[in-house]
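> just a sequence and a predicted model for now, questions to come.
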Amino acid sequence: MPSTGGARINTNIAAMNALNALSDINRGLGLHQERLSTGRRINSSADDPSGYVISKKMEGRVRAMASALDNVGDAQSMFGVAEGAYQKIADLLVQVKEKQARFINGAFGDDEKNAISTEIRALASEIDDIVSYSKFNGVQLLSSTYSQNFQVGEGATETFTVAFGASVSSAVLLGTAAGSISSTNVSSLTVDTGLVTVNSAIGTIGSSLNRLSAKEANLNTAISNTESAKSRIFDADIAKEQIKAAKLQILQQTSTSMLAQANSAPQVFLSLFK
């Protein structure tokens, strides 16, 4: 910093030094006030170039994992729709099995057996309706082989397959389509095979839901940890910024006072001309 003896008035070095100091203080105070107003330590790449790059990379990771978390939720919802449908179908198959056992009764005549077969036909028709109505986002889940990938992690290769296996219907589960069930074929309906198929599908869904729950918990943990790491780099420490701003505000006042004194100092030499 240049200095002067003070006897020169054409160039006031003391005032220039005070002005430069005041400019530096104002610049620093503006920086800390910006951080206090935004809550961010890095408001432009110039504040911390490497920190800006690292924090933006972390932000990208967080957003990708947040989207993956949404995908996990959609997959869980889809499995939930399918599971509810399978459970209701299993209940209907149990009722069919009950009616089938009741059908084989030597005390029944044709009228009673026809009534039972009609009831079983209605239950089988309801199975087909459930299969038809089980949709997610307009897509039928059980009427055809469904298999789609969901990204459940940060990377595009971190996927999970949602599938429900072979299609189900009254014809598949009972060996006979609902409209063809009559008293002549009630005894041959493959109810037990149908129950095995449906219960196996429910078990597979349960295992998949457990895996998705684990992925959901892992994503939540990863998001929290990444957000924490990003915050240490990107966010401002409000307490520290306030302390620094208060110090600079005091220095701003003293520098302004010194600038005023430096500007008035040459006036003392006017007394030499009296």
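Cool, got the structure. Residues are numbered from 1 along each chain as shown.

> end to end, how far does stretch 137-150 reach?
15 Å (Cα to Cα, to the nearest Å).

> what comes up buried for that stretch?
Neighbour-count burial for stretch 137-150 flags 141-143, 146, 150 (criterion: 16 or more other Cβ atoms under 10 Å). All C-beta spots, glycine's among them, are computed from the backbone N, C-alpha and C.

> and these, which two are furthest apart?
The span of those, defined through Cβ to Cβ, is set by Ser143 and Phe150 at 20.6 Å.

> hang on, the earlier thing: and of the buried residues of stretch 137-150, the nearest to Met58?
Sorting the buried residues of stretch 137-150 by how near they are to Met58, with Cβ to Cβ, puts Phe150 at the top with 23.5 Å.

> neighbouring strands of the helix or strand hosting the closest one in the sheet, and parallel or not?
According to DSSP states H and E, Phe150 maps onto strand 147-151. Partner strands and pairing direction for strand 147-151 (DSSP bridges) are strand 159-163 (antiparallel).

> what's downstream of the helix or strand containing Tyr86, the next helix or strand?
Tyr86 is part of helix 49-103 when elements are defined by DSSP H and E. Scanning forward in sequence from helix 49-103 by DSSP H and E, the next helix or strand is helix 110-133.

> that older thread, what helices or strands is the helix holding Tyr86 leaning on?
Identification of packing neighbours for helix 49-103 by 3 or more Cβ pairs under 8 Å, 6 or more residues apart in numbering; DSSP states H and E yields helix 110-133, strand 135-136, strand 147-151, strand 159-163, helix 170-174, helix 191-234.

> quick one: it to chain centroid distance?
The gap between the average C-alpha position of helix 49-103 and the chain average comes to 13 Å, counting by Cα atoms, centre = their mean, to the nearest Å.

> that one - what's its average pLDDT?
Over the span of helix 49-103, the pLDDT mean works out to 94.

> run the angle between that helix and helix 110-133 for me.
170 degrees (axes from the mean of the first three to the mean of the last three Cα atoms, to 10 degrees).

> quick one, helix 49-103 and helix 191-234 angle?
Taking the same axes, to 10 degrees, one finds helix 49-103 and helix 191-234 inclined to each other by 170 degrees.

> coming back round to it: compare the helices and strands packed on helix 49-103 and give me the one nearest Ile54.
Once the helices and strands packed on helix 49-103 are compared by Cβ to Cβ, helix 191-234 is nearest, at 5.9 Å.

> what's the first helix or strand after that closest one?
Downstream of helix 191-234, the next assigned helix or strand under DSSP H and E is helix 238-264.

> elements contacting that following helix?
With 3+ Cβ pairs under 8 Å, 6+ apart as the test, helix 238-264 has helix 13-38 packed against it.

> what's the spacing between the strand holding Phe150 and its chain's center?
Strand 147-151 has its C-alpha centroid displaced from the chain centroid by 16 Å (Cα atoms, centre = their mean).

> tabulate the buried residues of stretch 137-150 (a markdown table), appending distance to Ala171.
Compiled in a markdown table, those are given as follows (distance: Cβ to Cβ, whole Å):
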| residue | distance to Ala171 |
| --- | --- |
| Leu141 | 18 |
| Leu142 | 13 |
| Ser143 | 12 |
| Tyr146 | 19 |
| Phe150 | 31 |
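
> closest to Gln253 out of the residues you listed?
For the buried residues of stretch 137-150, the residue nearest Gln253 by Cβ to Cβ is Phe150; the value is 60.6 Å.

> hey, which of the helices and strands packed on helix 49-103 is tucked in deepest?
Each of the helices and strands packed on helix 49-103 was assessed for mean neighbour count using mean count of other Cβ atoms under 10 Å. The highest is helix 170-174, with a mean of 23.

> report the distance from it to the chain centre.
Between the centre of helix 170-174 and the centre of its host chain there is 40 Å, according to Cα atoms, centre = their mean.

> list the buried ones in stretch 52-61?
Judged by neighbour count (16+ other Cβ under 10 Å), stretch 52-61 contains these buried residues: 52, 54-55, 58, 61.

> try stretch 244-255
By neighbour count, with 16+ other Cβ under 10 Å as the criterion, the buried positions of stretch 244-255 are 244-245, 248, 251-252, 255.

> before we move on, the earlier item: quick one: average pLDDT of the strand holding Phe150?
Per-residue confidence for strand 147-151 averages out to 93 on the pLDDT scale.

> cheers, nothing more for now.
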